[in-house]
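Peer 1: Here is my input, please return the structure:
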Amino acid sequence: MLVYVMLVSGLVKKMKVSDTRISRAFASPLLSPRGKTGSQTRWHLENIMNMDKSTTRMTDREQPLTLPRLKSWMGARAFGFWTEVADWIAQNYPDVFAPDWIFGGKKHGWGLRYKKSKSFCSLVPEKNRFAIQIVFGAAERACVEKIRAELSPATQAAYDHATTYHDGKWLRLPVTSKSAIRDVRRLLAVKRKIPKTSR
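Peer 2: Model prediction:
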């Protein structure tokens, strides 16, 4: 099965889709409302736990993934954040990744996976937003602690709340603001160092 979409530098390319059952990936936190940081963090974490993923994910395997459909599902603002993150990865890790769409079943839906020998991250389209999934191993978690103070309170809370399994700490982070994008960049640079030629 082939899907004609890749959101990197605004290009549409042919990509192979893998049908993969993922048991732990892709939780769906809601967009935090405006207000005090403490209230935002509590509200954010409660919705990570309570959101019904089947209502926010793109779970129809037979429906073609197209740029217009992705933009309609996520909304223009979230689609812009998605494109910004995808472009940043392409620019800072040139020719490293060949992103592929994976289908996690009716529960988890579609996600765009970046992988090179080991998982880098996955971008997950959700209704009116998108989330990023990053798994941190033990050595990577030690590096995250070193930059912890640079992260926003909401990202710190999401990281603290993330469950650690035998293969790492599974962070599921909604990307809903420029601040979240800055955090994503810092975290991805921890996950894989940016090549010197890209700096």
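
Peer 1: any idea which helix or strand of this structure has the worst average confidence?
Peer 2: strand 2-4 (a mean of 33; mean pLDDT, DSSP states H and E).

Peer 1: tell me the secondary structure for the residue nearest the centre of the chain?
Peer 2: Nearest to the geometric centre of the chain sits residue 132, at 1.1 Å (Cα atoms, centre = their mean). Look at residue 132: counting by DSSP: H, G, I helix; E, B strand; the rest coil, its state is strand.

Peer 1: Please list all residues in contact with it.
Peer 2: Applying Cβ atoms under 8 Å, 6 or more residues apart in numbering, we find residue 132 in contact with 85, 121-124, 172-173, 175, 184. C-beta: built from backbone N, CA, C; applies to glycine.

Peer 1: tell me which of those residues is nearest to residue 159?
Peer 2: Set against residue 159, the nearest of those by Cβ to Cβ is residue 173 (8.0 Å).

Peer 1: What count of nearby residues applies to that closest one?
Peer 2: 22 (other Cβ atoms under 10 Å).

Peer 1: phi, psi of it?
Peer 2: Main-chain dihedrals, residue 173, degrees, to the nearest 10: phi -120, psi 120.

Peer 1: Check residue 75 too.
Peer 2: Torsion angles at residue 75 (phi, psi; degrees, to the nearest 10) stand at phi 90, psi 150.

Peer 1: Contact partners for the nearest residue to residue 97 once chain neighbours are set aside?
Peer 2: Spatially, and ignoring its direct neighbours in sequence, residue 97 is nearest to residue 114 (4.5 Å; Cβ to Cβ, 6 or more residues apart in numbering). For residue 114, the contact set (Cβ under 8 Å, 6+ apart) comprises 89, 97, 99, 120-123.

Peer 1: State the helix or strand in which residue 115 lies.
Peer 2: Using DSSP states H and E, residue 115 falls within strand 110-116.

Peer 1: average pLDDT across that strand?
Peer 2: Confidence over strand 110-116 (mean pLDDT, whole number) is 95.
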